[in-house]
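Give me a model of this one.
(one chain, ligands or ions: 1)
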Amino acid sequence: MSNKTTWIHEELDNLKAAGLFNVIRTIESPMDAWVTIDGKRLLNFCANNYLGLANHPRIRQAAQEAIDRYGVGPGAVRTIAGTMSLHNQLEQRLAAFKRAEACITFQSGFTANLGAIPALVGRGDVIFSDELNHASIIDGCRLSRAKVVRYVHNDVDDLQEKIAQTTEYNRRMIISDGVFSMDGDIAPLDKLCAVAEAHDIMLMVDDAHGEGVLGEGGRGIVDHFGLHGRVDIEVGTLSKAFGVVGGLVAGKQVIIDWLRQRGRPFLFSSAMTVPDVAACLEAVDLLEASTELVDRLWHNAKVFKEGMAGMGFDTGKTETPIVPVMLGEAPLAQEFSRRLFSAGVFAMAIGFPTVPRGKARIRVMNSAAHSPSDIEQALAVFGQVGREMAVI
Ligand SMILES: Cc1ncc(COP(=O)(O)O)c(C=O)c1O
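Numbers count the residues shown, from 1 in each chain. Here you go, the predicted model:
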């Protein structure tokens, strides 16, 4: 064995011993309420496919028609030759949907964060960042070279203290996830906005899990709190509720104009593909036409949460369709997930480093794609495994 890679073997063995090794399941069917894995049909509670759009007939058709008309690949980065009329249309439609002045799209939510943060703050600047912010925000902060001051999760008093203590700065920015993806709680964006305005600090929210979920017809967290025009940078993703893949930043025209000049993944990585863009345009059409899917998502989540609480499960502090089933140690959560799988329910165990040590859980992602009987079946399986494992 090469000496150069010995340490990797050791690290992988350590992960396995600690129950933290990611076993990646392969899906052999479309992403939907039910999926096929290893030839077996399973009820799917893992995907971020909140509205069931990943395999929606209208979204599929829109992607197919766009391929016939425009081909598949954009062929270049946006600034050189990769901007097609479809990309511009999508940005205009998303800005209108989100009731923002302007919008820019990226290849993913991750690259939207990597593009936006370093374009707006740099060396000598300060970022106040919620301690539970997503990895892509953390990486965007690191890339920016700004000083990062972490404040206690969702704690506006701590944020204010940290602001008062941090006196050496050039520009300042507050960044928070909108919905925290591992706990399902919502950032107090109205309060963050008041603090940002009081101190004249830029405010950025990453609404990856609020897009298509929160606000009127899924317009997101800014709409949920009625803060249009007051949150400087609203990052979003098209990879979750929109059912496709892509990222976006919505906000003031001047900020979006700047990101077109200085957002590095926009400048140096090719654009979203044609079928992705067309599929997202169709998703905007669907969301603007009716709130039915968003309403169904919330109804399903309510039934699931009430059922779990009724059986005595600890579902943490969720306020959204993300339901953490708190189990504690990672090996227990992994065994719980394996037993769910054997009983026909696909729901992943999440452990360190995605969540703190000792806070392992099964994360249940509800979807509008689930039927009432799907939810009933999932609750029955959770109850059965919970009793078997003496968790309830
Ligand atoms: C808060 C947050 N931001 C960004 C992302 C990345 O989004 P995407 O999958 O579009 O890169 C995620 C996805 O896990 C997320 O939860």
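
Go through stretch 344-363 and flag the buried ones.
Using 16 or more other Cβ atoms under 10 Å as the test for burial, stretch 344-363 gives 345-351, 355, 359-363. For every residue, glycine as well, the C-beta is placed using N, CA and C.

what number of residues lie near residue 390?
Neighbour count for residue 390, taken as other Cβ atoms under 10 Å: 6.

which residues touch it?
Shown in contact with residue 390 (Cβ atoms under 8 Å, 6 or more residues apart in numbering): no residues.

What residues does the stretch 101-250 of the chain have near the ligand?
108-110, 134, 136, 177, 181, 206, 208-209, 237, 239, 247 (Cβ under 6 Å from any ligand atom).

any idea which of those has the most stuff around it?
Within those, neighbour counts (other Cβ under 10 Å) peak at residue 206, which reaches 33 neighbours.

give me every residue that touches that residue.
109, 113, 133-134, 136-137, 175-178, 235-236.

Please tell me how far it sits from residue 274.
From residue 206 across to residue 274, the span is 26 Å (Cβ to Cβ, to the nearest Å).

same question, residue 33
With distances taken as Cβ to Cβ, residue 33 is found 27 Å from residue 274.

which of the contacts of residue 206 lies closest to the ligand?
Taking Cβ to the nearest ligand atom as the measure, the ligand lies nearest residue 109 of those, at 2.6 Å.

Kindly state the pLDDT recorded for the closest one?
If you check residue 109, the pLDDT there is 98.

which residues of the stretch 1-150 of the chain score low on pLDDT?
1-2 (pLDDT under 70).

So residue 148: helix, strand or coil?
Assigned with DSSP: H, G, I helix; E, B strand; the rest coil, residue 148 falls in the strand class.

Identify the bridge partners of it.
With DSSP bridges as the criterion, residue 148 is bridged to residue 127.

how near is it to residue 142?
Noted for residue 148: a distance of 8 Å to residue 142, by Cβ to Cβ.

Repeat that for residue 331.
Residue 331 sits 31 Å away from residue 142, going by Cβ to Cβ.

Now stretch 327-335: buried residues?
The neighbour-count check on stretch 327-335 (16+ other Cβ under 10 Å) flags 327, 330-335 as buried.

can you redo those as CSV with distance to residue 10, pLDDT and secondary structure?
Output for the buried residues of stretch 327-335, formatted as CSV (distance: Cβ to Cβ, whole Å; pLDDT from 0 to 100; DSSP: H, G, I helix; E, B strand; the rest coil):
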residue, distance to residue 10, pLDDT, secondary structure
327, 27, 97, strand
330, 19, 90, helix
331, 20, 91, helix
332, 25, 94, helix
333, 24, 95, helix
334, 21, 91, helix
335, 24, 95, helix
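
what residues are up against residue 308?
If you count contacts by Cβ under 8 Å, 6+ apart, residue 308 has them with 315, 323, 325, 379, 382.

Mind checking which of these are in helices?
Using DSSP state H, the members of those that fall within helices are 379, 382.

could I get the top helix by length along the chain in PDB with only the CA atoms?
Looking across the chain with DSSP H, the single longest helix is helix 292-311. Once non-C-alpha atoms are left out, helix 292-311 reads as follows in PDB (Å, rounded to 0.1, in the frame of the first residue of the first chain):
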ATOM      1  CA  GLU A 292     -51.900  23.800  -4.400                       C
ATOM      2  CA  LEU A 293     -48.600  22.000  -4.200                       C
ATOM      3  CA  VAL A 294     -47.200  24.300  -1.400                       C
ATOM      4  CA  ASP A 295     -50.500  23.800   0.600                       C
ATOM      5  CA  ARG A 296     -50.300  20.100   0.200                       C
ATOM      6  CA  LEU A 297     -46.700  20.000   1.300                       C
ATOM      7  CA  TRP A 298     -47.600  21.800   4.600                       C
ATOM      8  CA  HIS A 299     -50.600  19.600   5.100                       C
ATOM      9  CA  ASN A 300     -48.600  16.500   4.700                       C
ATOM     10  CA  ALA A 301     -45.900  17.800   7.100                       C
ATOM     11  CA  LYS A 302     -48.500  18.700   9.700                       C
ATOM     12  CA  VAL A 303     -50.100  15.200   9.600                       C
ATOM     13  CA  PHE A 304     -46.600  13.600   9.800                       C
ATOM     14  CA  LYS A 305     -45.400  15.800  12.700                       C
ATOM     15  CA  GLU A 306     -48.600  15.300  14.700                       C
ATOM     16  CA  GLY A 307     -48.400  11.500  14.100                       C
ATOM     17  CA  MET A 308     -44.800  11.400  15.300                       C
ATOM     18  CA  ALA A 309     -45.400  13.500  18.400                       C
ATOM     19  CA  GLY A 310     -48.500  11.400  19.200                       C
ATOM     20  CA  MET A 311     -46.200   8.300  19.300                       C
END
